[in-house]
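**Student:** Structure of the sequence below:
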Amino acid sequence: MVLQLWMSNIVHLAVTQHYLITLSVRAQYHVLNRELRQVVEESRVLSFQPRRRGGFMTRCCSLADKVENIAKVQSELQSIMNQLGEIFGIEGLMLSGGFYILSVATVYFIYSILKCGHESLQLSFISMLLSFTLCFFSFLDAGINLFNILNLLDDHKKMERLLEERTVFAQTLDVRLEQSFESMQLQLIRNPLKIDILKIFQITRIAIAALVGSLIQHSIFLIQFDMEYF
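**Tutor:** Next up, the predicted model:
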């Protein structure tokens, strides 16, 4: 029991570190998206104004510097997430497999209680309540971590959409500013943000929906087997 408790604390510490780092990266993405939105809006307004040589060039160079700085920080944040996936890959695989088995077992446990009653399973009301409380907080913890990752991916897609708005500018801006926008856009296209578990399972909303469908399917198979043979 001491060894099991020690291993459990290590896994939970790793999950907490992963959550905090991902949350920090997501907060930085929020700041970058806000800054990029301001740059895009200023560039749009600038494209409708008459081109005065001195002021126009100065403003375009200032905006180009901001875009390049945003692209640099974004590349560093994406590098952090890639390193995070490599460091916590084994823990992620263990937790994913554990929660998958726990989900199927929880569904079957609820079915068994509804079918036979907790007395026939030799479960007291207190032990049953503690079991459901533990499962609830385990699933809540997993859900918070999962939605934190999915929201980070949404913030990355929002950055891509912001860069696509440069196509509606009224006229061609300074060459350096145009190149800065194009360079950052190519950076996101060539190196998209992907969060996976040991290159086995990529975390996306579609993949999570497929996983939930698989959980429901295996739970139904297990209940059907119980109904037929027990």
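**Student:** State the distance from the most centrally placed residue in the chain to residue 67.
**Tutor:** Closest residue to the average C-alpha location of the chain: residue 149 at 1.6 Å, with CA atoms, centre = their mean. Distance of residue 149 to residue 67, computed by CB to CB, to the nearest Å: 27 Å. Glycine gets a C-beta too; all of them are placed from N, C-alpha and C.
**Student:** coming back round to it: the residue nearest to the centre of the chain: what's it in contact with?
**Tutor:** 22, 195, 203 (CB atoms under 8 Å, 6 or more residues apart in numbering).
**Student:** Export these as JSON lines, with columns for secondary structure.
**Tutor:** Shown next, in JSON lines, are the contacts of residue 149 (DSSP: H, G, I helix; E, B strand; the rest coil):
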{"residue": "22", "secondary structure": "helix"}
{"residue": "195", "secondary structure": "coil"}
{"residue": "203", "secondary structure": "coil"}
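**Student:** ok, so of those residues, who is nearest residue 229?
**Tutor:** Nearest to residue 229 among the contacts of residue 149: residue 203, at 36.6 Å, using CB to CB.
**Student:** just checking, next helix/strand downstream of the strand or helix carrying residue 8?
**Tutor:** Assigned by DSSP states H and E, residue 8 belongs to helix 2-47. Following helix 2-47 in sequence order, the next helix or strand is helix 53-87 (DSSP H and E).
**Student:** Just want the angle from that following helix to helix 2-47.
**Tutor:** 160 degrees (axes from the mean of the first three to the mean of the last three CA atoms, to 10 degrees).
**Student:** Could you tell me how far helix 53-87 lies from the centre of the chain?
**Tutor:** 21 Å (CA atoms, centre = their mean, to the nearest Å).
**Student:** now it: mean pLDDT?
**Tutor:** Computed over helix 53-87, the mean pLDDT rounds to 87.
**Student:** and the helix or strand following it with helix 2-47, angle?
**Tutor:** With elements assigned by DSSP H and E, the helix or strand that comes after helix 53-87 is helix 89-116. Following the same axes, to 10 degrees, one obtains 110 degrees for the angle between helix 89-116 and helix 2-47.
**Student:** Can you spell out which helices and strands pack onto helix 89-116?
**Tutor:** helix 2-47, helix 125-164, strand 196-197, helix 205-229 (3 or more CB pairs under 8 Å, 6 or more residues apart in numbering; DSSP states H and E).
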